[in-house]
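J.: Just a sequence and a predicted model for now, questions to come.
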Amino acid sequence: MKVSKGDELYYRGRRVSEPTLCKVIAITTDEAKQIGLEFKTDVGGHSCDGRGKQGFCLWARSWDLMTKAEYKAMQEAQEAAIANAPKELDSIEL
């Protein structure tokens with residue numbers, strides 16, 4: 001996956017309970033600070049060394065990220081699994 005500053009991606013890692021849309025605000029060669037993300041809400045993070053809004057940012061690695069297409073595919077798979085799950089019945093004709 002190619003990631004560029006300004007991209008909107010879904011993050012699924014620490015500090016979020018479900019994949020959350022965010023914007024790439026920094027990319028560095030520092031392994032501990034590889035991809036800087038800024039969220040629309042305060043995630044209890046930091047500012048990515050002054051690049052974003054305090055509390056709204058986190059550093060991430062590639063395995064924490066999904067494209068919008070990957071996120072949509074994941075949602076569709078989850079919806080299909082729910083639709084195909086066994087149903088609870090009130091009665092059954094035997």
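T.: Structure received. Residues are numbered from 1 along each chain as shown.
J.: Pop out the phi and psi values for the residue most central in space within the chain.
T.: For the chain, the residue sitting closest to the mean C-alpha position, by CA atoms, centre = their mean, is Y11 at 2.1 Å. Taking degrees, to the nearest 10, you get phi -110, psi 130 for the backbone angles of Y11.
J.: Break down this protein into its helices, ranges please.
T.: Here the chain has its helices, by DSSP state H, at 68-83.
J.: Tell me where the longest strand sits in the chain.
T.: The longest strand of the chain (DSSP state E) is strand 20-27.
J.: Give me the contacts around that strand.
T.: Contact with strand 20-27 is made by 3-12, 33-40, 43, 48-49, 51-52, 57-58, as judged by CB atoms under 8 Å, 6 or more residues apart in numbering. No exception for glycine: its C-beta is placed from N, CA and C like everyone else's.
J.: Direction included, what does it pair up with?
T.: Strand 20-27 sits in its sheet next to strand 8-11 (antiparallel), strand 35-39 (antiparallel), going by DSSP bridges.
J.: Of the contacts of strand 20-27, grab the buried ones for ChimeraX.
T.: Buried subset of these, written as a ChimeraX selection, criterion 16 or more other CB atoms under 10 Å:
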select :7,9,10,11,12,34,35,36,37,38,39,43,48,52,57,58
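J.: Do I have it right that L58 meets L37?
T.: Yes. Between L58 and L37 there is a contact at 5.3 Å, judged by CB atoms under 8 Å.
J.: avg pLDDT for stretch 77-86?
T.: In this model, stretch 77-86 has a mean pLDDT of 92.
J.: need the helix or strand of the protein with the lowest average pLDDT.
T.: Using mean pLDDT, DSSP states H and E, the weakest-scoring helix or strand in the chain turns out to be helix 68-83, at a mean of 93.
J.: Against which helices or strands is that one packed?
T.: Applying 3 or more CB pairs under 8 Å, 6 or more residues apart in numbering; DSSP states H and E, we find helix 68-83 packed against strand 8-11.
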